[in-house]
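*Asks:* the sequence and its predicted three-dimensional model are supplied below.
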Amino acid sequence: MFCKATLIPVTLALLTTTSSIVHAPGVKVALEERSTLTRADRTFDHENVILDGIKIQNKYQRNLRNLLANTDSLPKGWEIKDFITVSSSSEKHAVGIEALANDKNVEWLGPITIGTPNQPFNIQIDTGSPNLWIPSSSCANPLCNGKSKYNASALSTSSQKNGTFIISYGDNSTVSGPIYTDTVIITGLTTTDQYFSSVTIVSASFGKHPSDGILGLSYGSLSCLGGVYPFFNTLINQKKVSMGKFGFTLGSVSSELYLGGTDTSKYTGSIEYHDVVTLTGLWMATGAKSLVGLTTMSSGFNMIIDSGKTYMYALQAMVSAFYVAIQGSFIFKSKTWEVTNANFNRGETSMGSSQCVGALIATSKGLGLGDNTWLLGDAFMKNVYTTFSFN
C-alpha cells in the first residue's frame, strides 16, 4: 500500500553480464487484453487478487512437479509444496459481481488455428508454462459452451497419441484429456505434428475466462506432455523461423507477440540481454537488485518473467522493505526501465481513500522457488519491450 501523492524513484537493476544483439525480421501476432484486477469504481479487487495468488502458487507447483518428473532434479533451494485448495463457495464469493471475464491484464490472447481444415482458437499466451491445450468437441461440461472446440474426427491431419494430459487446480478440479499431434498455425507460421491436448474435462474457473485455452512459451522441461517440444521450439526445429527468439509489446493498444525476432518499430536502441538459468525451465535471470532512490533494498535475487500474470511477486520480507521506503512511482533500471504510476497503481483501497495498492505483492514460500526469486508479470512487461531468446 502506498500514498499516491509522493513520487520516489525505485529501481530494479540486473547485475549479470549483458550483450546487445542485432535482430532479424519475424512475424507479428496481434494480442487482445482483458481489463485489470481493479473494480469498475477503480478500487482494488482484493478477493480476486487472493484467488489469483493461489492460482500462481499452484501453477508453479505444477511446473516444479513436471520439472522433477522430466529431469529427475530441481534447482537448489526449490522444493515441492502442497497445492492450495479453495472451495467452490469461496471462489463464487470472491468473484462476486466483478467477474474475472472482465479482467484484461491477467491474460493476453492471440489467434491460432489447428488442423486441416483449420479450426480457429483464441488462446492465452503464457511465458510461464510450456503446454498447448484447447477444449475438445467431446467436452460435455457446460463450461465449454461458447468456446471453440477441437473436433479431431473432422481433421485429416489429427493423430491421437498414447497417454493423458492432466493439470490439477486449487479448487480440486482438473483439466485433462487425450494427447494429439496436428498442424498448428499462428499468423502464417505452421508447425506439423505439434503435440497438444484436446481436453474433455475443464476446471471450475474455465468458463469465466474468455480464452479457449493456453499456448505456453517456456522450456519443454516443464511440460506435462513428457518434455516434448512446445510450439515455438517446434517452429525452431522445423526451421520455420529464422531466429529462435520472440518479443512482447503489451499495452492498452497495439499489443503484439513477435515470433522469430523482435519488432524494431516498437523500441529504440539495442536490447539488453541477460543469461537465463535454463535448468529451471523458466525465463529466469539472476543477479538482480532493487533500489528505492539510491538505496539498495534487496540484491542478488532471481527474476522470472511471466506474461501469464499481472502483478510482481516477492517474499514478504522483500515486499515489506519496499513499501516501508516507497511512497510513489516505481522504476526498473539497468538501463532506465520505468513502471509507470498507471501500471503500478492497482486501485484505491476503498472509494475516496488516499491510500492505494501497488503492483508488488507478497507471496509465500509455498511457491517452492526458494528465498530469493521474484515473479514479474505484465505490470513490468507493459513498460518495456521484452525479448525471450532460445539462441
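*Replies:* Ah, there it is.

*Asks:* neighbours around A285, how many?
*Replies:* Look at A285: counted by other CB atoms under 10 Å, it has 20 neighbours. Where C-beta positions appear, they are placed from N, C-alpha and C, glycine not excepted.

*Asks:* before we move on, what about T190?
*Replies:* So T190, with other CB under 10 Å, has 14 neighbours.

*Asks:* wait, a strand at it?
*Replies:* Yes - according to DSSP: H, G, I helix; E, B strand; the rest coil, T190 belongs to a strand.

*Asks:* is it in contact with T157, as I believe?
*Replies:* No - at 10.6 Å, T190 does not count as touching T157 under the criterion of CB atoms under 8 Å.

*Asks:* find the residues that touch each one of these two.
*Replies:* T183 (CB atoms under 8 Å, 6 or more residues apart in numbering).

*Asks:* for L294, what are its contacts?
*Replies:* So L294 contacts nothing (CB under 8 Å, 6+ apart).

*Asks:* please apply the same query to S137.
*Replies:* S137 neighbours (CB under 8 Å, 6+ apart): K149, Y150, N151, A152, S153.

*Asks:* pLDDT score for the third one?
*Replies:* Right, N151. N151 carries a pLDDT score of 97 in this model.

*Asks:* close enough to count as contact, it and Q119?
*Replies:* Yes - if you go by CB under 8 Å, N151 and Q119 touch, sitting 6.7 Å apart.

*Asks:* just for the protein, where's the confidence low?
*Replies:* 1-25, 34-37, 86-106, 169-173, 227, 292-293, 326-337, 365-366 (pLDDT under 70).

*Asks:* domain parsing for it?
*Replies:* Following automatic domain parsing, the chain resolves into domains at 2-24+269-389, 48-257.

*Asks:* so which of these is nearest E33?
*Replies:* domain 48-257 (4.2 Å; CB to CB).

*Asks:* what about that closest one, how long is it end to end?
*Replies:* The straight-line separation of the ends of domain 48-257 (CA to CA, to the nearest Å) is 27 Å.

*Asks:* so I185: helix, strand or coil?
*Replies:* I185 - assigned by three-state DSSP - is strand.

*Asks:* who's in contact with the closest residue in space to K240 that isn't next to it in sequence?
*Replies:* Distance criterion CB to CB, 6 or more residues apart in numbering; nearest residue to K240, sequence neighbours excluded, is L189 at 5.3 Å. Residues near L189 by CB under 8 Å, 6+ apart: V27, L235, K240, V241, L259, G260.

*Asks:* what about those residues, which are in strands?
*Replies:* V27, L259 (DSSP state E).

*Asks:* nearest residue to the residue most central in space within the chain other than its sequence neighbours?
*Replies:* The residue lying closest to the centre of the chain (CA atoms, centre = their mean) is G308, at 1.9 Å. Using CB to CB, 6+ apart and skipping the chain neighbours, the partner closest in space to G308 is D126 (3.6 Å).

*Asks:* ditto for K289
*Replies:* S299 is the one closest to K289 (CB to CB, 6+ apart), at 3.7 Å.

*Asks:* again, but for N151
*Replies:* S137 is the one closest to N151 (CB to CB, 6+ apart), at 4.1 Å.

*Asks:* from V202, how far out is that neighbour?
*Replies:* Separation of S137 from V202 (CB to CB, to the nearest Å): 13 Å.

*Asks:* what segments of the stretch 51-200 of the chain are helices?
*Replies:* With DSSP state H, counting those that start in this stretch as the criterion, the stretch 51-200 of the chain has helices at 88-95.

*Asks:* list the buried residues of the helix or strand hosting N48.
*Replies:* In this assignment (DSSP states H and E), N48 forms part of helix 46-71. By 16 or more other CB atoms under 10 Å, the buried positions in helix 46-71 come out as 47-49, 51-67, 70.

*Asks:* now swap in stretch 375-391 and tell me
*Replies:* Per 16+ other CB under 10 Å, stretch 375-391 contains these buried residues: 375-389.

*Asks:* these: which two are farthest apart?
*Replies:* A379 and S389 (22.5 Å).

*Asks:* and the helices in the stretch 201-350 of the chain?
*Replies:* Under the criterion DSSP H, counting those that start in this stretch, the stretch 201-350 of the chain carries helices at the ranges 231-237, 316-325, 341-344.

*Asks:* reformat those helices as TSV; add mean neighbour count and distance to D182.
*Replies:* Shown next, in TSV, are these (neighbours: other CB atoms under 10 Å; distance: least, CB to CB, whole Å):
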stretch	mean neighbour count	distance to D182
helix 231-237	20	12
helix 316-325	15	43
helix 341-344	17	38
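
*Asks:* closest one to I84 among those?
*Replies:* Among the helices of the stretch 201-350 of the chain, helix 316-325 sits nearest to I84 (CB to CB), with 16.2 Å.
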